[in-house]
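Enquirer: Predicted model follows, preceded by the sequence.
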Amino acid sequence: LTNTELHKQGLLLFAEILTRQPEEIRLFTSSAMCGDAGRALQEAVSSPVLEVAAEAVKAASAFLRKDHQSAPPVQYRALRALLEAMLSRCSEFSQTPLNRRSLGNRDSEKAILRRGKFLLSTLEGFRNACRLAVEFQGEPIAQENPFTAPSAEKEDTLEDFSEFLLSACDSLCIPMVMRHLEQATHPALMEVFLSILHSLFIIVPHMKKKFSKKLAASSFIRLTLELKARFCNGSSHSALNQVCSSFLYCMCLNLLSAPEKTRSLSQEELSAVSELLQHGLPQISSRSPESVAFLSDRQYVEGTARQRQYCILLLFYLAYIHEDRFVSEAELFVALQGFLLSLQDQGEHPPPVVFRASIYLIAICQDKDSALDEAVVSAIRKFLEGISDLHLVYTHHPLLLRFFLLYPELMSRFGHRILELWFFWEESSYEELDDVPSAGLPTLPASLAALFQMLRSSPSILLILLDLVYSSPVDTARKVLMILRTFLRRNEDVQVDGLIRGHFLLILQHLLVEHGASPSGGNLPLLLSLLSLVQLRNKSEQELDSMAMKLLHQVSKLCGKCSPNDVDILQPSFNFLYWSLHQTTLSSQKRAAAVLLSTTALIELLEKMLALTWTEMGSSPRTALLCSAWLLTASFSAQQHSGSLQVHQTLSVELDQLLKALSFPKKKPALLSVAILRFLRTALQQNFSSALVALAPSGSQPLPAPEDNILAPLGTSQVLALVIGLQNLLVQKDPLLSQGCVGCLEALLDYVYARSPDLALHVASQPWNRFLLFTLLDAGENSFLRSEILRLMTLFVRYNSSSVLSHEEVGHVLQVAALADLSTLSNTTRRALRDFFLQVQSMGLLINHSTTQTLQASLEGLSLSAFSDHPLPQDMLCLGGVAVSMSHIRD
């Protein structure tokens, strides 16, 4: 005998002994002997001679028997090494390229057959290893392996060996079988292979759901059904049919127990599905087109056939869920309609899990251009009405959402609940989409893009979303709010503002009736913030219609029921009221102000809010709300004064505290100072004669000096202190604060000049003003071409303060301005420059003839182009959560 033949005969004999050895008599009396045998087989399996390796694999398969491996401790590491050698040798052989041209057809087929036999032997050995692992699960000694050395504890356990089997199957067995299937399909081989996969669900139970998902995503449902259709018709290959059915049964139950984007089945439902699959799967042996045709049968369907239909639907559903779409969608779409109508005709109600599969598949398979017959939609609606809750049949997918929102009959009845479920299952909170300009947003996720497309085509869906913001749990409501905000920002061309405001009015009216004097809590703050965003979308002034006036009235009533602590409700409400006043026409402003002034509770609340300014030092959670309160009060006062509106309730402000806050400004947010300045400026412009606002002295005050009576309610010292305070605020160089300070300084000097011209001129000509002016200028050549600096210089020219700004410096400013490119300036700066020119002209400060001509040309240029060729910047802004009209602060 040659060495090769000797090896083969020896391995044949060893395999025969291993196979025939009675189970009750141990062949290996010690673990060491068993280990030696395993190492010998490992070496033989790795032989470069294929015949030797093939016999070694068969012997190894017989070696992997429980009675041969039961001498403690079990040599799990040795078994693992043996299996790795077997799989490695098989993989090496299966990947050897075949030269089909040189071999010819017949020889090529023989080579493929030889590979199949080697692969089958390897898989049989692997199956025996899996069987061994299953049997050892009932042996505590084999599980714990107590006699193993401590250092080897991790590798020499049944748990580790079981996980190795799963990993080896995933990385080696499955790829080898898939490659072989491209060349040939052998029923016996596939029977062994599927039995391995089936046993792995038992061997590694904690991984069975994850493993099932991976198999489903790798088209194993399709593969198994194709095997059954090809080999298991009638009574042929009954063993393969049984293995295929058992494998599908376990995989389907695993997938339904750990569903993707849908609820888990209850134990009762799982039991029912288990019985359904157990009886139905062995009966399925038709090809996919035949199964689809079987589904669409409208003739009377008896019980067994109906059960088979249910099984087919569940298989298609689980395959589609895992992106394995092996059935024609158009054909399945038609078949599903027939199936649903058949159920309706026979008065049957499928189990929720089957109807879940049906509704999901019909939504996925529906083409954009195709639509369901009305009879099918009606049948679906009736089935859904018979289900206690839609979550029983809901699967999270954009196309399912589209399906329910596409048909008015379904949307009106189930739209609210479907959208609620949609947001519940959405994993992202979409916080990253909030407060980002639409131009800077990344591409939307596919699910969100689909929803936005539906919102554009059917804006009435927005009303359902509004209801969800109000009625859902806070987490869900916040998601909906983010979606609505993003949609409104990205789709400014969609005219839905009136729709949203009208529906919000209904919600608010219902809320005020339901909660009475206690509006706080719930999701109302989220709704109000959305209402503010809708208001902000209006870029131009618009007349307030009757609905807008009703909404104003309801929001003002809501505010009146709140306390200063209800910041989350009051902040968006104040923003809405402020925007409504400033983003409309003059006639609407007057009507809106009259409505708001009639709400006495709102005026009382504002008085409380303003008083809190003096008690809350620095920044606090209420700072933004205080800013809004001051801006609102200033707006109310201005509208009441200019329109002589009726006052139902006055509010009082402590003048000394107000002046103190501005004259000796402690560290406070700039926006709060801006808001207080706007209020004081309004009071000065009204000569402290507002019918709405009473400026009361705080505490006991000393009698005013005789010269102060003329300035009442101000005193000379207060005026001087206020000027210094304004100068200190200007030095901060905050653009918005600077606009507020200059505006207040203008109003203050006008007020003082009307009563004491000498004092006004004295204040305007103080040397400190010159230092202030040059502090505000930076190193740039045209740094004075900023609106706040031009307004300040206009003020000094008006009050003839040559010690602050000399005639030569005025001339220099005019010359530089005349040479500047005015088209680069903002409209606000152009307007300020034009006012400066006119002031200089009216004061007779033009001496140089060429400067006069230059000024005249500049004035003509400004009057023609100042406000026409420059786009107007957005006037309404939201700064730190506070609604601010730039023109209200500036003008």
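Expert: Happy to help now that I have it.

Enquirer: Hmm, residue 466 and residue 455 touching each other?
Expert: No - using C-beta atoms under 8 Å, residue 455 makes no contact with residue 466, being 12.0 Å away. Glycine gets a C-beta too; all of them are placed from N, C-alpha and C.

Enquirer: how close does residue 625 sit to residue 615?
Expert: For residue 625, the distance to residue 615 equals 14 Å [C-beta to C-beta, to the nearest Å].

Enquirer: let me redo that: residue 742
Expert: For residue 742 relative to residue 615 (C-beta to C-beta), the value is 29 Å.

Enquirer: quick one, which of the two is more surrounded?
Expert: residue 742 (24 against 8; other C-beta atoms under 10 Å).

Enquirer: What strand or helix carries that one?
Expert: helix 735-755 (DSSP states H and E).

Enquirer: Report the distance from that helix to the chain centre.
Expert: Taking the mean of its C-alpha atoms, helix 735-755 sits 47 Å from the chain's own mean (C-alpha atoms, centre = their mean, to the nearest Å).

Enquirer: same question, stretch 249-262
Expert: With C-alpha atoms, centre = their mean, you get 27 Å for stretch 249-262.

Enquirer: Flag every buried residue along whichever strand or helix holds residue 86.
Expert: Residue 86 is located in helix 76-94, with elements delineated by DSSP H and E. Of the residues in helix 76-94, 76-80, 82-83, 85-87, 89-91, 93-94 count as buried by neighbour count, 16 or more other C-beta atoms under 10 Å.

Enquirer: Repeat that for stretch 536-549.
Expert: So stretch 536-549, judged by 16+ other C-beta under 10 Å, has buried residues 536-537, 544, 548-549.

Enquirer: could those residues go into TSV alongside secondary structure?
Expert: What follows is the buried residues of stretch 536-549, written out as TSV (DSSP: H, G, I helix; E, B strand; the rest coil):
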residue	secondary structure
536	helix
537	helix
544	coil
548	helix
549	helix
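
Enquirer: which among these gets closest to residue 331?
Expert: Ranked by distance to residue 331 (C-beta to C-beta), these are led by residue 537 at 46.1 Å.

Enquirer: Before we move on, what's the pLDDT of the closest one?
Expert: With respect to pLDDT, residue 537 scores 73.

Enquirer: shouldn't it be in contact with residue 497?
Expert: Yes - the criterion here is C-beta under 8 Å, and residue 537 meets it with residue 497 at 6.2 Å.

Enquirer: what about the strands in the stretch 751-891 of the chain?
Expert: 876-879, 882-885 (DSSP state E, counting those that start in this stretch).

Enquirer: Pick the most buried one from those strands.
Expert: Highest mean neighbour count of the strands of the stretch 751-891 of the chain: strand 882-885, a mean of 24 (counted as mean count of other C-beta atoms under 10 Å).

Enquirer: and the helix holding residue 742, what does it pack onto?
Expert: When contacts are defined as 3 or more C-beta pairs under 8 Å, 6 or more residues apart in numbering; DSSP states H and E, helix 735-755 packs onto helix 670-685, helix 716-730, helix 757-764, helix 787-798, helix 886-890.

Enquirer: From the contact counts, what lies against the third one?
Expert: Here helix 757-764 is seen to pack against helix 716-730, helix 735-755 when contacts are counted using 3+ C-beta pairs under 8 Å, 6+ apart.

Enquirer: Thanks again, I'm all set now.
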